[in-house]
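Q: Output the structure for:
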Amino acid sequence: MHTRRIGDVDVSAIGLGAMPMSIEGRPDEARSLATLHAALDAGVTLIDTADAYHRDADEVGHNETLIAKALASHDRGADVLVATKGGHLRPGDGSWTLDGSPRHLKEACEASLRRLGVEAIGLYQFHRPDPRVPYEESVGAIRDLLDEGKIRMAGISNADPQQIRQANDILGGRLVSVQNQFSPAFRSSEPELRLCDELGIAFLPWSPLGGISRAGELGSAHAPFARIAETRGVSPQRVCLAWMLAKSPVVIPIPGASRPETIRDSLAATDLVLTDGELAELDAA
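A: The predicted structure follows:
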């Protein structure tokens with residue numbers, strides 16, 4: 001498995017976004033565990049989650065608990081970097097809310113520690129800016145968790161270039177990751193990707209295939225990806241991930257999956273080398 005780097009840790013060049021296993025339309029636990037184990041068998045060493053990845057109000061942290069169970073029951077579980085997040089909430093009615101207060105972030109981190117069953121979280125990320133809380137206060141809480149040894153590495157999500165620079169300053173140059181939406185249909189995070197490349201910070205595109213409901217339609221929605229996929233004899237999704245990997249060595253896509261076959265296909269993108277002409281065509285699409 002090809003690797004890339006987050007902070008001082010080598011991880012698989014493509015990670016697994018585990019959210020689809022816990023929200024609306026999720027599979028049963030047996031299939032979720034089979035998917036997680038298939039990812040580990042194929043060499044995945046980065047799994048993305050969050051305490052807000054759940055469906056019902058009384059099951060906060062469902063996804064973290066599921067991941068902990070999968071890792072504990074696999075002989076390669078100890079090799080995985082789990083990246084979780086705090087600051088986003090789901091009341092249980094399908095909506096999303098925010099709480100970026102330092103108190104909440106520290107309490108959320110403690111709860112994630114318990115669910116994951118670890119002494120320190122490998123990578124903890126501030127999930128989304130809360131307009132009611134000064135950004136420096138929210139990131140300051142992440143810095144405190146880092147200084148206290150509750151987390152080993154710190155990241156942010158859904159951030160703009162100014163917030164990336166601000167967070168890195170607050171963290172004393174220890175910002176290791178930025179997790180933003182980026183896909184063929186959502187390219188407005190190009191400036192953040194370029195800044196991460198400049199600073200040597202890992203850029204983790206979320207929903208890289210367009211999201212849970214649109215991933216299967218990637219080829220029909222973006223003709224160049226479908227054409228190159230047909231020429232190469234692979235899926236449009238695999239072409240998409242290979243295109244992202246070619247953008248910068250700091251890019252580590254985290255496609256969602258809820259079936260073993262989909263994560264295996266995604267991981268095969270690390271072996272697909274696109275030509276300069278193909279990359280130019282996809283960039284122009």
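Q: quick one, helices of the stretch 51-200 of the chain?
A: Here the stretch 51-200 of the chain has its helices, by DSSP state H, counting those that start in this stretch, at 62-72, 102-116, 135-147, 161-170, 190-199.
Q: Tell me how far residue 15 lies from residue 278.
A: Using C-beta to C-beta, to the nearest Å, residue 15 is found at 24 Å from residue 278. The C-beta positions use only the backbone N, C-alpha and C, and glycine is treated the same way.
Q: more crowded one of those two?
A: residue 15 (26 against 21; other C-beta atoms under 10 Å).
Q: Can you check which of the helices of the stretch 51-200 of the chain gets nearest to residue 122?
A: helix 102-116 (8.9 Å; C-beta to C-beta).
Q: follow-up on the earlier one: with respect to burial, which of the helices of the stretch 51-200 of the chain scores highest?
A: helix 62-72 (a mean of 22; mean count of other C-beta atoms under 10 Å).
Q: Let me see the ranges of the strands in the stretch 1-150 of the chain.
A: With DSSP state E, counting those that start in this stretch as the criterion, the stretch 1-150 of the chain has strands at 3-6, 9-12, 16-17, 46-48, 81-86, 88-89, 97-98, 123-126.
Q: between the helices of the stretch 51-200 of the chain, which one is nearest to residue 256?
A: Of all these, helix 62-72 comes closest under C-beta to C-beta, at 11.1 Å.
Q: How about residues contacting the closest one?
A: 18-19, 21-22, 29, 32-33, 36-37, 40, 47, 49-51, 53-55, 77-78, 80, 82, 84, 112, 115-117 (C-beta atoms under 8 Å, 6 or more residues apart in numbering).
Q: Can you check what angle separates that helix from helix 102-116?
A: Helix 62-72 runs at 40 degrees relative to helix 102-116, counting by axes from the mean of the first three to the mean of the last three C-alpha atoms, to 10 degrees.
Q: angle of helix 62-72 against strand 81-86?
A: 160 degrees.
Q: Over to residue 255: give its phi and psi.
A: Phi and psi for residue 255, reported as degrees, to the nearest 10, are phi -60, psi 140.
Q: Distance-wise, check the closest residue to it other than its chain neighbours relative to residue 213.
A: Of all residues not flanking residue 255 in the chain, residue 266 sits nearest, at 4.6 Å (C-beta to C-beta, 6 or more residues apart in numbering). As for residue 266, its distance to residue 213 is 17 Å (criterion: C-beta to C-beta).
Q: Quick check: the residue lying closest to residue 7 once chain neighbours are set aside vs residue 209, distance?
A: Spatial nearest neighbour of residue 7, excluding adjacent residues (C-beta to C-beta, 6+ apart): residue 176 at 3.8 Å. Between residue 176 and residue 209 the distance is 24 Å, computed by C-beta to C-beta.
Q: and if you look at residue 18?
A: 15 Å.
Q: How about whatever helix or strand residue 282 lives in, which residues are buried there?
A: Here residue 282, judged by DSSP states H and E, is contained in helix 276-284. In terms of neighbour count (16 or more other C-beta atoms under 10 Å), helix 276-284 has its buried residues at 278, 279, 281, 282.
Q: confidence score at the first one?
A: According to the model's per-residue confidence, residue 278 sits at a pLDDT of 98.
Q: Same check on the third one?
A: Confidence at residue 281, expressed as pLDDT, is 96.
Q: related to what we said a few turns ago, how about the helices of the stretch 51-200 of the chain in a markdown table, adding mean pLDDT and distance to residue 231?
A: Shown next, in a markdown table, are the helices of the stretch 51-200 of the chain (pLDDT from 0 to 100; distance: least, C-beta to C-beta, whole Å):
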| stretch | mean pLDDT | distance to residue 231 |
| --- | --- | --- |
| helix 62-72 | 98 | 36 |
| helix 102-116 | 98 | 43 |
| helix 135-147 | 98 | 45 |
| helix 161-170 | 98 | 36 |
| helix 190-199 | 98 | 26 |
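Q: No further questions, thank you.
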